[in-house]
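1. What follows is a predicted protein model with its sequence.
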Amino acid sequence: MSTRRGFSSRTLALLAVASLLLTACGRTSREPVFSSGPLKVVAVTESTLDINSSQYRHHTTYVLYLDGETLSDAGFATLLRDADAANQTFVHTEAIALDPNAVLLASATRDGRQCWSTRIAVKGAAAALETINKGSIDCSTRTAPSGWRALYDESSNLLLIRDHPFHAYPVAGYWYPLWIEDDVVALYQEQEEKERLVVKLARISSGQTLAEQALPMAQFAEPELLNASAQARQQWLFDNFSVALAPQASITLRPDNQLKTITPERWAEYKEIERQNREADARARAAGEAWDRAQREALTRNEAARQRRPGD
């Protein structure tokens, strides 16, 4: 009997310790990121301890307050003035103060099917929302030079956002912004269909290409710029290219560039892998189409048989 009571006591003690640990392993912090007139935005960060790695994982969302009250989903939908926002619940995943009177938001429906990039500007006692971008994948900002933001629309075209004075400039194509000087931006793009890497200078206000340098993919390896910081992207540009804006815009590969190269053998391997992937995709598409066709034919046969059956 004493053994059974001892076991029960130890079990209760362990459960109590586990409960305390679970409570201590999760915490929530709140920090204001924007406040102007009737609008306030607060970052809410939930931190949980990963027992396997003994490291905290942080997840931040943002809460909007209007006139001292939490802005409801219905209230935000009203500000959006978008039929797709009606009767939705929202998660605000990014908030950036552009200036003392305006904040840039990335918001998505709870199910993740729609997202919006918006700017809320405060003037006096009123807050006005402007939709910058709408999509179904990701509406958060990407890496861009200081004072700018980069967004990508549903067709993967670049949208350059100047913080102040605020303005959105569309740039056709999926480009990485590397450096901006006045009305000129240096851009990078991988053009797989033409098997080349392109770095160019373009006028922001008009989209006009001022100068361009193309590098064959069969010779040069793709640089790791996707997740690079703005400073790292700019450093990569000037380490490898000579850039001039006057008297005429130009961009040329530096003789002492540090670009990584690939051998003809490695390029042949890439092309073979690409060919195999294309063939595998084609087989998968054909199999899917054949399955759909077989299902439709079976339904047609079953319907015809039902209609021939007497008494139906």
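-> Alright, I've got the coordinates.

2. Do a quick rundown of the strands in the stretch 201-312 of the chain.
-> 209-216, 241-244, 250-253 (DSSP state E, counting those that start in this stretch).

3. Who is residue 181 paired with across the strands?
-> Taking DSSP bridges as the rule, residue 181 bridges to residue 184.

4. Thought residue 245 was touching it, still the case?
-> Yes. When contacts are counted by Cβ atoms under 8 Å, residue 181 is listed as touching residue 245 (6.5 Å). All C-beta atoms are positioned from the backbone trio N, CA, C, and that covers glycine.

5. more crowded one of the two?
-> residue 245 (15 against 12; other Cβ atoms under 10 Å).

6. Under a three-state scheme, what state does the spatially most central residue of the chain occupy?
-> Central residue of the chain (Cα atoms, centre = their mean): residue 138, 4.3 Å from the mean position. Assigned with DSSP: H, G, I helix; E, B strand; the rest coil, residue 138 falls in the coil class.

7. Kindly state the beta-bridge partners for the closest residue to it other than its chain neighbours.
-> Nearest non-adjacent residue to residue 138, counting by Cβ to Cβ, 6 or more residues apart in numbering: residue 115, 6.6 Å away. For residue 115, the beta-bridge partners under DSSP bridges are residue 108, residue 135.

8. ok, residue 115 to residue 91 distance?
-> Using Cβ to Cβ, to the nearest Å, residue 115 is found at 9 Å from residue 91.

9. Neighbour count for those two, which is higher?
-> Ranked by neighbour count (other Cβ under 10 Å), residue 115 and residue 91 place residue 115 first, with 21 against 15.

10. The more buried one: what's it in contact with?
-> 106-109, 134-139 (Cβ atoms under 8 Å, 6 or more residues apart in numbering).

11. Confidence-wise, which of those residues comes last?
-> Ranked by pLDDT, these bottom out at residue 137, which scores 85.

12. Quick check: that one touching residue 156?
-> No. Under the criterion of Cβ under 8 Å, residue 137 is not in contact with residue 156, lying 9.2 Å apart.

13. any chance you could map the helices in the stretch 201-312 of the chain?
-> 230-240, 264-308 (DSSP state H, counting those that start in this stretch).

14. Go through those and find the least confident stretch.
-> Looking at the helices of the stretch 201-312 of the chain, the bottom one is helix 264-308 with a mean of 89.

15. Could you check how far residue 188 is from residue 300?
-> Between residue 188 and residue 300 the distance is 52 Å, computed by Cβ to Cβ.
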